[in-house]
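next comes the sequence, and after it the predicted model I'd like to discuss.
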Amino acid sequence: MSIDRLEFDLSNAPRFVVDREGSALRARLSGDWTADQAASIEECALTLLEKVKRQSSVILDLARIEHLDTIGAWVIDRTLLKLRSRGCRANLVDARPEHHTLIGEIDAYRQHGDRLKDVPPRGDHDPPELLVDIGDGVAGAGSNIIGALSFLGEVVVAIGRILAWRGHFRAPGFVHQMELIVLRGVPIIVLIAFAVGGIIAQQGIFQLRRFAAADLVVELISILTLRELGVLLASIMVAGRSGSSFTAELGA
């Protein structure tokens with residue numbers, strides 16, 4: 001055996017040998033059919049299709065394949081599909097269990113992908129999709145309103161039951177929740193209100209100074225905070241802080 005022949009045999013490059021067995025051709029695939037040999041894999045597949053293009057029966061023997069990954073399995077499955085599309089009886093034989101499983105997964109994914117191709121693609125900003133999104137939003141808003149009214153009704157019914165049967169009222173639990181929601185929420189609410197009030201006072205001075213009415217900033221902040229922002233900030237902080245803590249407690 002020559003040195004060149006010895007180096008060829010020891011190479012892990014993908015290759016194949018075609019033998020005739022009766023009326024069928026057996027293509028013995030060998031080497032590493034992996035991603036790092038992608039160019040050689042494509043060349044082998046094209047050469048194999050050219051050699052057996054006029055045959056009625058072809059056997060792909062995978063017994064000598066050392067390593068096989070997704071790229072190699074996809075090329076083998078594609079080659080098998082092309083042979084069958086020509087009317088050729090093509091089969092895989094002597095594949096290792098892990099190789100057979102991988103090729104089976106590739107074939108199943110290909111069939112699923114073919115079914116997906118039948119669905120016409122739609123753009124993300126098509127007018128029908130926009131109208132559908134608007135309709136979903138309106139329907140969702142209606143459901144949310146109905147849910148809020150239902151919750152409000154349940155609260156009213158619960159309060160009525162407590163007033164009717166005061167023995168069901170749990171005073172220790174009520175005091176505990178008031179401590180968690182109200183008392184412990186005061187510092188963060190005061191801090192946010194102070195920060196927002198300072199920002200409004202700063203911007204208000206700049207604007208009212210044009211009209212020589214900078215002294216009215218005090219009334220502006222006091223009235224705005226007491227009537228509007230105070231309630232709004234308190235409700236937002238209570239809903240965010242206490243609601244998230246309730247969710248975490250229920251989840252735990």
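Cool, got the structure.

what about the protein, any weak spots by pLDDT?
For the chain, applying pLDDT under 70 flags the ranges 1-11, 112-127.

so who does the closest residue to residue 56 other than its chain neighbours touch?
Nearest non-adjacent residue to residue 56, counting by Cβ to Cβ, 6 or more residues apart in numbering: residue 88, 6.0 Å away. For glycine as for every other residue, the C-beta is placed from the backbone atoms N, C-alpha and C. Contact analysis of residue 88 by Cβ atoms under 8 Å, 6 or more residues apart in numbering lists 52, 55, 56, 57, 58.

so what's residue 69 closest to, chain neighbours aside?
residue 34 is the one closest to residue 69 (Cβ to Cβ, 6+ apart), at 4.6 Å.

hang on, I meant residue 29
Once flanking residues are discounted, residue 29 sits nearest to residue 16: 4.8 Å by Cβ to Cβ, 6+ apart.

what's the neighbour count on the one you found?
19 (other Cβ atoms under 10 Å).

and the contacts of the helix or strand harbouring it?
Under the criterion of DSSP states H and E, residue 16 resides in strand 15-21. Residues from elsewhere that reach strand 15-21 (Cβ under 8 Å, 6+ apart): 25-31, 40, 44, 47-48, 51-52, 59.

do stretch 143-157 as well
Nothing outside stretch 143-157 qualifies as a contact, by Cβ under 8 Å, 6+ apart.

domains of this protein?
Here the domain parsing of the chain from automatic domain parsing is 3-117, 127-169, 171-252.

run the chain-centre distance for the last one.
Read that as domain 171-252. Centre-to-centre, domain 171-252 and its host chain are 37 Å apart (Cα atoms, centre = their mean, to the nearest Å).

how far does it stretch from start to finish?
25 Å (Cα to Cα, to the nearest Å).

SS state for residue 100?
helix (DSSP: H, G, I helix; E, B strand; the rest coil).

check the gap between the closest residue to residue 47 other than its chain neighbours and residue 134 for me.
Excluding the flanking residues, the one nearest residue 47 by Cβ to Cβ, 6+ apart is residue 16, at 7.8 Å. When distances are taken as Cβ to Cβ, to the nearest Å, residue 16 and residue 134 turn out to be 58 Å apart.

what helix or strand is residue 29 on?
Using DSSP H and E, residue 29 maps to strand 24-33.

can you list the strands that that strand pairs with?
In the sheet, strand 24-33 lines up against strand 15-21 (antiparallel), strand 57-68 (parallel) (DSSP bridges).

including distance to residue 242, could the ones you listed go into JSON lines?
Output for the strands paired with strand 24-33, formatted as JSON lines (distance: least, Cβ to Cβ, whole Å):
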{"stretch": "strand 15-21", "distance to residue 242": "70"}
{"stretch": "strand 57-68", "distance to residue 242": "57"}
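
in the stretch 151-252 of the chain, which spans are strands?
In the stretch 151-252 of the chain, no strands are found when defined by DSSP state E, counting those that start in this stretch.

the helices in it, which residues?
Secondary structure of the stretch 151-252 of the chain, counting by DSSP state H, counting those that start in this stretch: helices at 171-178, 186-208, 217-224, 230-251.

now for the last one, which elements pack on it?
This points to helix 230-251. Helices and strands touching helix 230-251, as assessed by 3 or more Cβ pairs under 8 Å, 6 or more residues apart in numbering; DSSP states H and E, comprise helix 186-208.
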